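Peer 1: Turn this into a model:
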Amino acid sequence: MRRLLRPLTEPVTYTRWLHMLIPSAVASVWLFISPDTAPWAPAIFAVPVGLVPGMRLAEGVQAQLLLTPSERGRPDAAISAATAATWAARWRTVVWLEVRLLFSVVAGVATVWLSATAVDLVLTASGSGPSDDWLIRGVEPHWWYALIAPVPLLLLLAVVVICGELITAAARRLLGPSPVERMTALEERTEQLLERNRIARELHDSIGHALTVAVVQAGAARAANDPAFTERALAAIEETGRAALDDLERVLRVLRESEAPVGQRPTLAEADRLLDSARGSGAKVDAEVSGPVELVPGPVSREGYRILQESLTNVLRHSGSVPVRVRITVAAGWLELEVTNPLTGSIGTSGGSGLRGIRERAALLGGKAKTGPYDGEWRVHASLPLDGLR
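Peer 2: You can find the predicted model right below:
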């Protein structure tokens, strides 16, 4: 019983009722102004109106507001609010208008006749006699007609609920997004998720590197008890912190949709900043760069910078002041980046997202990255195609 009565307590039932009555009200005004017009004229008029591209947008907005208000604004809404981009979408709009007119007639007739019949039953029970205009005719007045007066109203509510469900299903079918629109929405959603993942990696790599350098430098300065070393450590912390703040401000500008240029992100041409930061933290970095790094395409160079940054961060975080060998090679259409260090500490076993981020960055560019033990050392090796498309 509760399940049957639940639709009567939901506001959407009555917004759907209103949606079905709107065409009847418009058609009634039209027929009142032009009484000589054929009753089926609105159905004919709906054909050219439905072929107007903007009509699909108007019907979609109205259907979202009144038929499925809970889905309004959602990217996966079953009813789209967009102009008709194809003739197929226009003809679906025409069919929708015809279906809407049909349900409008059913809901309008039920609303008027069943409501009036309920009133007629009450008047008949009071001795006035039934009207010849509604459903009960030629019956003798009797008091007990008042007891069955709610029956037409219950039938009306049942008609409203059933027709509301049916017209909503029709709207989802006829006003729903086409396969092309679904694919476009899916691509936009995918782009948003990729952008969020990229921003998350940016924050992890940049802020994680800065914090790691700061912690290592502060610990080393306290242990050294050397004013000169402490001054150098504080300078390294300041420089790394400023770079991290710049990265954070850039990411926040992207989140605020200020369209910050992607070119502001650091590239491998600025790799010396990372190497000096690692050296300042106590790591003994042996770096070798071969090939025209400055000519590496922007997307590949930026991702390569982040891979190098995360690799050095892992060394400082898990192994401390150990020898680190960095090799950056640009040749034969590929960027080869390798970072190795003695296999000490817990590098690669902490369950963080840094190593996974390295592999994801390489995969997005069509390359590959390997991380793990190799000949008694911990090695990160990334191969990135210079066109970023292979």
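Peer 1: helix/strand/coil for residue 176?
Peer 2: Assigned with DSSP: H, G, I helix; E, B strand; the rest coil, residue 176 falls in the coil class.
Peer 1: got the contact list for it?
Peer 2: Counting by C-beta atoms under 8 Å, 6 or more residues apart in numbering, residue 176 touches 78-80. Using the backbone N, CA and C atoms, a C-beta is placed for each residue, glycine as well.
Peer 1: same thing but 10 Å
Peer 2: By C-beta atoms under 10 Å, 6 or more residues apart in numbering, residue 176 lies in contact with 60, 63, 77-80, 92, 182.
Peer 1: just the helices in the stretch 251-390 of the chain please.
Peer 2: With helices called from DSSP state H, counting those that start in this stretch, the stretch 251-390 of the chain shows them at 271-280, 298-318, 354-364.
Peer 1: what packs against the first one?
Peer 2: What that stands for is helix 271-280. Applying 3 or more C-beta pairs under 10 Å, 6 or more residues apart in numbering; DSSP states H and E, one finds that helix 271-280 makes contact with helix 179-224, helix 227-255, strand 284-290, helix 298-318, strand 323-331.
Peer 1: how close does residue 108 sit to residue 13?
Peer 2: Using C-beta to C-beta, to the nearest Å, residue 108 is found at 17 Å from residue 13.
Peer 1: Out of the helices of the stretch 251-390 of the chain, which gets nearest to residue 42?
Peer 2: When the helices of the stretch 251-390 of the chain are compared by C-beta to C-beta, helix 354-364 sits nearest residue 42, at 54.6 Å.
Peer 1: Which strands and helices lie in contact with that closest one?
Peer 2: Helix 354-364 sits against helix 179-224, helix 298-318, strand 334-342, strand 368-374, strand 377-385, with contacts defined as 3+ C-beta pairs under 10 Å, 6+ apart.
Peer 1: State the number of residues packed around residue 169.
Peer 2: 12 (other C-beta atoms under 10 Å).
Peer 1: CA atoms only: put the strand or helix carrying residue 65 into PDB for me.
Peer 2: Assessed by DSSP states H and E, residue 65 sits inside helix 53-66. Extracted in PDB, the C-alpha atoms of helix 53-66 (Å, rounded to 0.1, in the frame of the first residue of the first chain):
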ATOM      1  CA  PRO A  53      16.200  23.300 -34.400                       C
ATOM      2  CA  GLY A  54      15.500  25.500 -31.300                       C
ATOM      3  CA  MET A  55      12.300  23.700 -30.500                       C
ATOM      4  CA  ARG A  56      14.200  20.700 -29.300                       C
ATOM      5  CA  LEU A  57      16.100  22.900 -26.900                       C
ATOM      6  CA  ALA A  58      12.900  24.500 -25.500                       C
ATOM      7  CA  GLU A  59      11.200  21.100 -25.100                       C
ATOM      8  CA  GLY A  60      14.300  19.600 -23.500                       C
ATOM      9  CA  VAL A  61      14.600  22.400 -20.900                       C
ATOM     10  CA  GLN A  62      10.900  22.100 -20.100                       C
ATOM     11  CA  ALA A  63      11.000  18.300 -19.900                       C
ATOM     12  CA  GLN A  64      14.000  18.500 -17.600                       C
ATOM     13  CA  LEU A  65      12.300  21.000 -15.300                       C
ATOM     14  CA  LEU A  66       9.000  19.300 -15.000                       C
END
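Peer 1: residue contacts, residue 368?
Peer 2: Residue 368 makes contacts with 359, 362, 381-385, as judged by C-beta under 10 Å, 6+ apart.
Peer 1: Would you convert these into JSON lines that also reports neighbour count?
Peer 2: Converted to JSON lines, the contacts of residue 368 look like this (neighbours: other C-beta atoms under 10 Å):
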{"residue": "359", "neighbour count": "17"}
{"residue": "362", "neighbour count": "22"}
{"residue": "381", "neighbour count": "20"}
{"residue": "382", "neighbour count": "24"}
{"residue": "383", "neighbour count": "18"}
{"residue": "384", "neighbour count": "28"}
{"residue": "385", "neighbour count": "17"}
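Peer 1: In TSV, list the residues you listed along with pLDDT.
Peer 2: Output for these, formatted as TSV (pLDDT from 0 to 100):
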residue	pLDDT
359	87
362	87
381	95
382	94
383	94
384	92
385	91
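Peer 1: which of these lies closest to residue 6?
Peer 2: Residue 6 lies nearest to residue 359 out of the contacts of residue 368, by C-beta to C-beta, at 49.8 Å.
Peer 1: nearest to residue 162, of the contacts of residue 176?
Peer 2: The shortest approach to residue 162 among the contacts of residue 176 belongs to residue 63, at 17.8 Å (C-beta to C-beta).
Peer 1: While we're on the closest one, how confident is the model there?
Peer 2: We have a pLDDT of 92 for residue 63.
Peer 1: Kindly tell me how buried it is, as a neighbour count.
Peer 2: Residue 63 - counted by other C-beta under 10 Å - has 28 other residues nearby.
Peer 1: That one touches residue 164, doesn't it?
Peer 2: No - if you go by C-beta atoms under 10 Å, residue 63 and residue 164 don't touch, sitting 11.8 Å apart.
Peer 1: any common contacting residues for the two?
Peer 2: 16, 19.
Peer 1: correct me, but residue 280 touches residue 312?
Peer 2: No - using C-beta under 10 Å, residue 280 is not in contact with residue 312; the gap is 11.5 Å.
Peer 1: hmm, back to that, which of the helices and strands packed on helix 354-364 has the highest mean neighbour count?
Peer 2: Comparing those by mean neighbour count (mean count of other C-beta atoms under 10 Å), helix 298-318 comes out on top with a mean of 24.
Peer 1: before we move on, back to that, any buried residues in the helix holding residue 65, and which?
Peer 2: 55-57, 59-60, 62-64, 66 (16 or more other C-beta atoms under 10 Å).
Peer 1: And the next helix or strand past that helix?
Peer 2: Helix 53-66 is succeeded, C-terminally, by helix 87-125 (DSSP H and E).
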